[in-house]
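1. any chance you could fold what I've pasted below:
(one chain, ligands or ions: 3)
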Amino acid sequence: MTDERTGSLRLVLGDQLTRDVSSLRDVDPRRDVILMVEVHDETVYVRHHKQKLVFILSAMRHFAQALRDEGLRVDYVRLDAPGNTGSFSGEVARALARHAASRLVVTEPGEWRVREMMQDWREELPVPVEIREDDRFVCSLGDFAAWAEGRKSYRMEFFYREMRRKTGLLMTGEGQPVGGQWNFDAENRKALPAGVSPPAHPRFSPDALTREVMDLVAARFPDHFGDLEPFGWAVTRHEALRALDVFVSERLSGYGDYQDAMKQGEPFLFHSLISPYLNVGLLTPLEVCRAAVAAWERGQAPLNAVEGFVRQIIGWREYVRGIYWLRMPDYAGTNALGASRRLPDLYWTGETDMACLRACVAETRANAYAHHIQRLMVLGNFALLAGVTPAEVQEWYLLVYADAFEWVELPNVHGMTLFADGGLLASKPYAASGAYINRMSDYCAGCRYDVKGKSGEGACPFNYLYWNFLIENEKRLSGNPRMGMPYRNLARMNDERRCEIVTDAAAFLARVGAVRS
Ligand code: FAD
Ligand code: DLZ
Ligand code: SF4
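-> Numbers count the residues shown, from 1 in each chain. Ligands and ions are numbered 1, 2, ... in the order given. Here you go, the predicted model:
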């Protein structure tokens, strides 16, 4: 179907909403057509939170409008368009025929399953397929593989230092980290003192386009997890820049100190809430880091806050992406601890007497958001201690958060949270008893359980689940040098105490439905 008058078809996926994405860089407004498609397959490969669906579809529609306003030709296929085949492959084939395009140009996707699909297009489609690198990241996949080559373990800290050198962010002219330290994490573990209240984060009122998507989602996905309203996510680059600006000027200064804090009724604290925007491309990693560094240079935010923020983005975010592509597809099947219990219903309903879990699930349902420590040390820690099958936990995280895409979510769940990769990403499991949650939050004060209780019906379940986890995984973990202290403490327990722990844990896990599958 090659015709000299027809140009190329430029496919832009729902997480490629960046004007400078590689597939659009040399787009010719006279000859090329940009294709964007809403497809059933993508909306249901997991049962995404309703707000996540609205966010992505509305951001796609607004992005298409912005391209049109620029004079570009956009073919946008809506979910309810007649003839929509429901799949990327079907819609690309239809559009190639519709436009008699001579070539397909696309930026590589963020998820393995879509990349596999695109590789097949090279065989299946009647035109050449050009898959371009996604260079919206600081570290290319090739550079990450080169960094990883020959290393026994891939510690984020060393990767992060490379990224600091590469970007020059927070570096002196002599190539040293500003402030004489690479990492100020030790200063970033404060609980929120009484009387400190975080500034409100900006919410964006849905416009007519977003309202239309909200009606569509309400009608087509009523059974998906999560509240549809109130919906306040940014859906355009302009709004996302505004969200970044408000974060940098109003909350960044408290970001470092209270990064790990949790508080009842304060789901956002000093966090940025920009992960959905970064992940779909409304914001880029370097521009957000530069905005934070500029605030430090102006004296508006302390170094521990700015370094902590920059580390999350050019460190953790880039690093988990590198690990994902280095280790897929096997990474998704990892289960180093042999965890095999079902995910308890409370992750969906929030119905539990455990005040910390109840708050984190309720906030997740209401906002399609929980901050990092809620995800890791409450929701994730419980799944780890309860020995829930990694695949079930992974599916849950992939669908409940507005920012969830497999390349970033999977390593955080399998590697950081569940130790399912056997220590590739974390040197030891992030297992903690109730004492950690009590130190970092005010949840325990309002809980039916006693955070100091060690055993019996009224004791905080995290306490006996923690020891039960160590007992269940003794063979696998006791040789880990970083687990020396807890295993020495376990060794001091007599058989009677161990038996009490195992009995309490078994009864509790059965009660919440965390049964072996
Ligand atoms: P902030 O605290 O303001 O941090 C700034 C930015 O740093 C974030 O926007 C994000 O882009 C980046 N960042 C911070 N921590 C990480 C990390 N561990 N990995 C990658 N990037 C990071 N993040 C996602 O973007 N998508 C996910 O699906 C996702 N799933 C997670 C699942 C689990 C079990 C855990 C423990 C973490 C997960 N994270 C995920 C990482 C992190 O929790 C979120 O990026 C963060 O909570 C987003 O909120 P924020 O924008 O307010 O972050
Ligand atoms: C997540 C998502 C959803 C829900 N819907 C669409 C869609 O209809 N069309 C689209 O192009 N992209 C969607 N996405 C994002 C894709 O799932 C994402 O681009 C792939 O997972 C590749 O990373
Ligand atoms: Fe959570 Fe235990 Fe504290 Fe209750 S007592 S809020 S279950 S840590």
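2. give me the nearest residue to the residue of the stretch 151-300 of the chain found nearest ligand 2, chain neighbours excluded.
-> Nearest residue of the stretch 151-300 of the chain to ligand 2: Val280, at 7.7 Å (C-beta to the nearest ligand atom). For every residue, glycine as well, the C-beta is placed using N, CA and C. Nearest non-adjacent residue to Val280, counting by C-beta to C-beta, 6 or more residues apart in numbering: Asp15, 4.6 Å away.
3. which secondary structure state does the one you found sit in?
-> Assigned with DSSP: H, G, I helix; E, B strand; the rest coil, Asp15 falls in the coil class.
4. what's the answer for Trp182, then?
-> coil.
5. which residues does it contact?
-> 157, 160-161, 164 (C-beta atoms under 8 Å, 6 or more residues apart in numbering).
6. and the pLDDT at it?
-> Looking at Trp182, its pLDDT reads 95.
7. hmm, stretch 135-153 touching ligand 2?
-> No - between stretch 135-153 and ligand 2, judged by C-beta under 6 Å from any ligand atom, nothing touches; the nearest distance is 12.1 Å.
8. endpoints of that stretch, how far apart?
-> By C-alpha to C-alpha, to the nearest Å, the extent of stretch 135-153 from end to end equals 26 Å.
9. contacting residues around it?
-> 18, 20-22, 133, 154, 159, 162-163, 166-167, 281, 284-286, 314, 318, 321-322, 325-326, 423-424, 427.
10. can you name the residues of this structure that neighbour ligand 3?
-> The chain comes close to ligand 3 at residues 354-356, 434, 437-438, 443-444, 447, 449, 451, 460-462, as judged by C-beta under 6 Å from any ligand atom.
11. name the nearest residue to Tyr466, ignoring sequence neighbours.
-> Tyr466 sits nearest to Ser433 (C-beta to C-beta, 6+ apart), 4.1 Å away.
12. ok, now which ones touch the one you found?
-> If a contact means C-beta under 8 Å, 6+ apart, then Ser433 has 460, 462-463, 466 as its contacts.
13. just the ones of the residues of the chain next to ligand 3 in helices?
-> Counted as lying in helices by DSSP state H, out of these, are 355-356, 434, 437-438, 461-462.
14. follow-up on the earlier one: can I assume the residue nearest to Val280 is in contact with Ala404?
-> No - counting by C-beta atoms under 8 Å, Asp15 sits too far from Ala404 to count as a contact (10.7 Å).
15. what about Gly415, which SS state?
-> helix.
16. that older thread, from the contacts of Ser433, list just the buried residues.
-> 460, 462-463, 466 (16 or more other C-beta atoms under 10 Å).
17. now the residues you listed in JSON lines, with pLDDT?
-> Listed next are these as JSON lines, based on pLDDT from 0 to 100:
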{"residue": "Cys460", "pLDDT": "98"}
{"residue": "Phe462", "pLDDT": "98"}
{"residue": "Asn463", "pLDDT": "98"}
{"residue": "Tyr466", "pLDDT": "98"}
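18. nearest to ligand 2, of the residues you listed?
-> Checking the buried ones among the contacts of Ser433 against ligand 2 with C-beta to the nearest ligand atom, the nearest one is Phe462 at 33.1 Å.
19. distance of the closest one from ligand 1?
-> According to C-beta to the nearest ligand atom, to the nearest Å, Phe462 and ligand 1 sit 17 Å apart.
20. look up the closest residue to that residue, ignoring the ones flanking it.
-> Gly434 (4.1 Å).
21. and if you look at Lys52?
-> With C-beta to C-beta, 6+ apart, the residue lying closest to Lys52 is Ala402, at 4.6 Å.
22. tell me the pLDDT at the one you found?
-> 98.
23. right, and it touches Ala366 too?
-> No - the criterion here is C-beta under 8 Å, and Ala402 misses it with Ala366 at 11.9 Å.
24. who has more neighbours out of these two?
-> Using other C-beta atoms under 10 Å as the criterion, Ala402 and Ala366 rank with Ala402 on top: 23 against 15.
25. can you tell me the SS state at the more buried one?
-> coil.
26. Glu457 too?
-> From three-state DSSP, the assignment for Glu457 is coil.
27. pLDDT wise, what is it at?
-> 93.
28. the residue nearest to Gly415 when sequence neighbours are not counted: neighbour count?
-> Excluding its sequence neighbours, the residue lying closest to Gly415 (C-beta to C-beta, 6+ apart) is Leu425, at 3.0 Å. Here the number of neighbours of Leu425 (other C-beta under 10 Å) works out to 23.
29. so where is the chain shaky, pLDDT-wise?
-> 1-5 (pLDDT under 70).
30. neighbouring contacts of whichever strand or helix holds Arg113?
-> Element membership of Arg113, judged by DSSP states H and E, is helix 112-124. If you take C-beta under 8 Å, 6+ apart as the criterion, helix 112-124 is touched by 13, 45, 88-89, 92-93, 104, 106, 108-109, 129, 131, 324, 328-329, 332, 406.
31. how near is whichever residue of the stretch 101-250 of the chain sits closest to ligand 1 to Tyr277?
-> Here the stretch 101-250 of the chain gets closest to ligand 1 at one residue, Phe247, 7.5 Å apart by C-beta to the nearest ligand atom. Separation of Phe247 from Tyr277 (C-beta to C-beta, to the nearest Å): 11 Å.
32. neighbour count for these two, which is higher?
-> Tyr277 (28 against 25).
33. how is the more buried one assigned, secondary-structure-wise?
-> Going by three-state DSSP, the secondary structure assigned to Tyr277 is helix.
34. in contact with it, which residues?
-> 234, 240, 243-244, 283.
35. quick check, stretch 307-322 touching ligand 2?
-> No - judged by C-beta under 6 Å from any ligand atom, stretch 307-322 stays clear of ligand 2, getting no closer than 11.4 Å.
36. thinking again about what came up before, in the ones in helices among the residues of the chain next to ligand 3, which residue is surrounded by the most others?
-> Cys356 (30 neighbours).
37. hmm, it is touching Cys447, no?
-> Yes - here Cys356 lies in contact with Cys447, judged by C-beta under 8 Å, at a distance of 7.2 Å.
38. what helix or strand is Val105 located in?
-> Judged by DSSP H and E, Val105 forms part of strand 103-107.
39. list the contacts of that strand.
-> 7-13, 16, 21-23, 92, 96, 118, 121, 125, 127-134.
40. give the partner strands of it in its sheet and their orientations.
-> In the sheet, strand 103-107 lines up against strand 8-11 (parallel), strand 129-132 (parallel) (DSSP bridges).
41. counting neighbours, what do you get for the residue nearest to Val280?
-> Residues within reach of Asp15, counting by other C-beta under 10 Å, total 26.
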